[in-house]
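J.: what's the 3D shape of this:
(one chain, ligands or ions: 1)
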Amino acid sequence: MSRIPNGDPVTTGHLRTTISYHHRTKHHFHRYAASPGFMDWATQPFPFRRFEGVELLELGIPDVSTGPSWDSLFGPALPPEEISRESLSRFLYLSLALSAWKQVVSPEGEVVSRWSLRVNPSSGNLHPTEAYLLFSGLSDLAPEGGVFHYAPDGHGLEQRGTGSLDLPDNGFLIGLSSIHWREAWKYGERAFRYCQHDVGHALAALKLAARILGWSVEMVGGVDHSLMSRLLGTHLQEGPEREHADTLLFVSTDGRAAPDIETLEAMAEGLAFQGTPRPLSPSHVPWPAIDEVAEASQTGSLTASLGYDEPAPTIQRERNLLASSLIRNRRSAVSMDGRTSMKAPDFAHLLKRLLPGHCAHLFSLLPQEAETSLVFFVHRVEGLKPGLYALVRNPTHLEAWQAAFNDGLDWENPGSDFADLPFYRLIAADITEAAQRLSCNQGIAGDGVFSLGMISRMTPALQQHGPGYYPRLFWETGMIGQMLYLEAEAAGLRGTGIGCFFDDEVHRVLGLEGDSWQSLYHFTVGGPLEDSRLQTVDPYES
Ligand SMILES: Cc1cc2nc3c(=O)[nH]c(=O)nc-3n(C[C@H](O)[C@H](O)[C@H](O)COP(=O)(O)O)c2cc1C
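T.: Residues are numbered from 1 along each chain as shown. Just a heads-up that it's a prediction; the model follows:
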């Protein structure tokens, strides 16, 4: 038995289970991670979790036609709005709500298929992430307070828990959980990774929505999985569709500290839950490797302090883009045009937004050192030679990467617009084909302006902090992905998260050996090709 710094016991078995899950869920050129290999439409999970026996408190569709600009979210905090039904509605409408329905209509005018999209993206659009709000009372919504499940399909709250919650009027808790089955239905064993990416995207979406309202958000440290589950009510769920509690956040209007563990324990003791989850699928395929890694990586109640200084925020540039509109219109590109380019100053600006120092209020939501730096496949940036580049998000990564990557790389800053950025050219070459091949032969990785691999410090970080750190590495990459999506929109382009890539082939191209550094997530940005056959419908049309 070893111990992580905050004193929680961690068996080496849990560490081994977690690392071996990572290895067994790699995609290889000639062998993909274990999955059903086809879409079993008969068991496709219903897209929305709802609870039987509880009523939906509608939040009402808020007016988001005015508000702060996107770029102002990166300056000093905005004046806080009071917590009310309306502001809570806006908070969720700008983070986890539906953003549109898409539909295919036959020449006869009949709707052939229809699916919803959300403000937060999700691998395969399967949306495993659920959210719960805990507040002590809101006079115009639920005066007694309690634990509420957010239902994006109705943009409302389902009251799950009752009991007196010792929370201030100007603060509330929000917990995220994952239904692993939703992703495993399509992706099999690799699905646990995708669920964690999705948590990261949701974290960034919540943090940015809070920023619009002038609210602060803190990840509550030191909460173990049992306490989190008892606060959210997920401890009562059983079977393959059960939710796995992931993280707990504290939101407040005045930046006060989150309640301490004793207060949270006392609140959990006093809660009574109502309602039962409606089934999502008629039958299921078990994926024991997911259950094992979920259990192994929930050990320990992680607290890690911020690994970098939070500098005073500066807006840097103002493009007068309405934040709410940008956020709600974010979409994934399904294919890229292979032509659109980007100007070097715009690309340099986008890179800045990915750096913890320049975007501290977003990335500091994860109270840990930046563990992920980025390798860019640059295809079409005007004024920058196409090739392989590195953006070093943590200064300590530079030396480590120079030692770990192939010999003979340039490691040269391209100067001019990039002179003040930790951005280095590794090789100048046309690498569109390699980028596409490494991302499971997906054209979007080579046909965009650029694509990238997010390379995280893995085994040393897990040895240092315990296996509970494994999901957090994916959360960090998901948060970077959310920034990429939104900065792509701000630049008039479109992004797409890429969960499918050939892990060790990426490592081989870079010269990485062992598992100290692992590619955890890919992403692409470019000029999208729209599918004109699809119609877009208002998300909450009656
Ligand atoms: C973690 C993650 C992995 C993804 N992987 C891929 C991928 O490999 N290929 C792809 O075309 N799209 C991928 N996507 C995009 C999703 O399919 C897309 O987010 C989803 O269909 C919802 O559409 P929206 O982003 O427009 O809301 C990924 C998205 C996320 C969040």
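J.: Okay, and the beta partners of S113?
T.: V104 (DSSP bridges).
J.: thought it was touching V104?
T.: Yes. Taking contacts as C-beta atoms under 8 Å, S113 lies within contact range of V104: 5.0 Å. (Each C-beta comes from the backbone N, C-alpha and C, glycine too.)
J.: Neighbour count for the two, which is higher?
T.: Neighbour count, other C-beta atoms under 10 Å: between S113 and V104, V104 has more, with 14 against 9.
J.: The more buried one contacts S532, correct?
T.: No. Applying C-beta under 8 Å, one finds V104 not in contact with S532, separated by 11.3 Å.
J.: what about the closest residue to D254 other than its chain neighbours, neighbour count?
T.: Computed as C-beta to C-beta, 6 or more residues apart in numbering, the closest residue to D254 that is not its neighbour in sequence is N170, at 5.8 Å. Applying other C-beta under 10 Å, we find 14 residues neighbouring N170.
J.: what secondary structure does the nearest residue to S123 once chain neighbours are set aside sit in?
T.: Nearest non-adjacent residue to S123, counting by C-beta to C-beta, 6+ apart: Y194, 3.9 Å away. Three-state call for Y194 (DSSP: H, G, I helix; E, B strand; the rest coil): helix.
J.: show me the contacts for Y194.
T.: S122, S123, G124, P128, E183, Y187, G499 (C-beta atoms under 8 Å, 6 or more residues apart in numbering).
J.: and with 10 Å instead?
T.: 122-124, 126, 128, 178, 180, 182-184, 186-187, 474, 478, 497, 499-500, 521 (C-beta atoms under 10 Å, 6 or more residues apart in numbering).
J.: Kindly report the same for L141.
T.: 57-60, 83-86, 88-89, 135, 148, 156-157.
J.: P528 against S335, yeah?
T.: Yes. If you go by C-beta atoms under 10 Å, P528 and S335 touch, sitting 7.2 Å apart.
J.: How many residues are close by L351?
T.: 21.
J.: Could you name every residue contacting both of P528 and S335?
T.: Common neighbours of P528 and S335, counting by C-beta under 10 Å, 6+ apart, are I444, D447, G448, T496.
J.: what pLDDT does the nearest residue to the third one once chain neighbours are set aside get?
T.: Just to be clear, that refers to G448. Of all residues not flanking G448 in the chain, G526 sits nearest, at 2.6 Å (C-beta to C-beta, 6+ apart). Looking at G526, its pLDDT reads 98.
J.: What strand or helix carries D291?
T.: According to DSSP states H and E, D291 maps onto helix 288-296.
J.: One more: T17?
T.: Here T17 is assigned to helix 12-24, by DSSP H and E.
J.: Between helix 288-296 and that helix, find me the angle.
T.: With axes from the mean of the first three to the mean of the last three C-alpha atoms, to 10 degrees defining the directions, helix 12-24 sits at 140 degrees from helix 288-296.
J.: So the most far-flung residue of the chain relative to its centre, which state does it fall into?
T.: Most distant from the centre of the chain: E108, at 39.5 Å, with distances by C-alpha atoms, centre = their mean. Three-state call for E108 (three-state DSSP): coil.
J.: Got phi/psi on it?
T.: E108 has phi and psi values of phi -80, psi 0 when expressed as degrees, to the nearest 10.
J.: ok, and the closest non-adjacent residue to the closest residue to the ligand within the stretch 301-450 of the chain?
T.: Nearest to the ligand, among the residues of the stretch 301-450 of the chain, is S332, at 3.4 Å (C-beta to the nearest ligand atom). Counting by C-beta to C-beta, 6+ apart, S332 lies nearest to T496, which is 4.4 Å off, once chain neighbours are set aside.
J.: I'd say the one you found and A333 touch.
T.: Yes. Between T496 and A333 there is a contact at 4.9 Å, judged by C-beta under 10 Å.
J.: Residue numbers of this protein in contact with the ligand?
T.: 117-118, 121-125, 194, 197-198, 201, 331-332, 442, 444, 496-500 (C-beta under 6 Å from any ligand atom).
J.: Keeping just the C-alphas, turn the helix or strand containing L176 into PDB.
T.: Taking DSSP H and E as the definition, L176 sits inside strand 171-178. Extracted in PDB, the C-alpha atoms of strand 171-178 (Å, rounded to 0.1, in the frame of the first residue of the first chain):
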ATOM      1  CA  GLY A 171     -23.900  29.900  -3.800                       C
ATOM      2  CA  PHE A 172     -24.900  26.400  -4.900                       C
ATOM      3  CA  LEU A 173     -23.200  23.100  -5.700                       C
ATOM      4  CA  ILE A 174     -23.300  21.400  -9.100                       C
ATOM      5  CA  GLY A 175     -22.200  17.800  -9.500                       C
ATOM      6  CA  LEU A 176     -21.500  15.900 -12.700                       C
ATOM      7  CA  SER A 177     -21.900  12.200 -13.300                       C
ATOM      8  CA  SER A 178     -21.500   9.800 -16.200                       C
END
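J.: T496 and A333: which has the busier surroundings?
T.: Ranked by neighbour count (other C-beta under 10 Å), T496 and A333 place T496 first, with 27 against 21.
J.: just checking, what packs against the helix or strand the more buried one falls within?
T.: If you go by DSSP H and E, T496 is part of strand 494-498. Applying 3 or more C-beta pairs under 10 Å, 6 or more residues apart in numbering; DSSP states H and E, we find strand 494-498 packed against helix 191-213, helix 444-447, strand 450-457, helix 469-490, strand 517-526.
J.: contact partners of the shortest one?
T.: Residues outside helix 444-447 that contact it (C-beta under 10 Å, 6+ apart) are 332-340, 377, 379-380, 430-439, 451-453, 494-496, 498, 500-501, 522-529.
J.: and if we set it to 7 Å?
T.: By C-beta atoms under 7 Å, 6 or more residues apart in numbering, the residues outside helix 444-447 that reach it are 333, 335-338, 379, 432-433, 435-436, 439, 451, 496, 498, 522, 524, 526.
J.: Equivalent analysis for stretch 528-542, please.
T.: With C-beta under 7 Å, 6+ apart as the test, stretch 528-542 has contacts from 61, 98-105, 116, 155, 333-337, 494.
J.: same question, stretch 86-97
T.: Contacts of stretch 86-97 (C-beta under 7 Å, 6+ apart): 59-60, 62, 64, 81, 118-120, 131, 150, 152, 155, 202, 205-206, 209-210, 212-213, 324, 327-328.
J.: tell me which residues in that stretch are buried?
T.: Neighbour counts using 16 or more other C-beta atoms under 10 Å place E86, S87, L88, S89, R90, F91, L92, Y93, L94, S95, L96, A97 of stretch 86-97 among the buried residues.
J.: and the two most separated of the residues you listed?
T.: The largest separation in the buried residues of stretch 86-97, counting by C-beta to C-beta, is between E86 and L96 at 16.7 Å.
J.: just for the stretch 201-350 of the chain, where's the confidence low?
T.: Low-confidence segments of the stretch 201-350 of the chain (pLDDT under 70): 299-315.
J.: Just the buried ones among the contacts of helix 444-447, please.
T.: By 16+ other C-beta under 10 Å, these give 333, 335-336, 338, 379, 432, 435-436, 439, 451, 496, 498, 522, 524, 526 as buried.
J.: Pull the most distant pair out of these.
T.: Farthest pair in those, by C-beta to C-beta: G338 and H522, 17.8 Å.
J.: Just want the residue of the stretch 151-300 of the chain that's nearest the ligand.
T.: Of all residues in the stretch 151-300 of the chain, H197 sits closest to the ligand, at 3.4 Å by C-beta to the nearest ligand atom.
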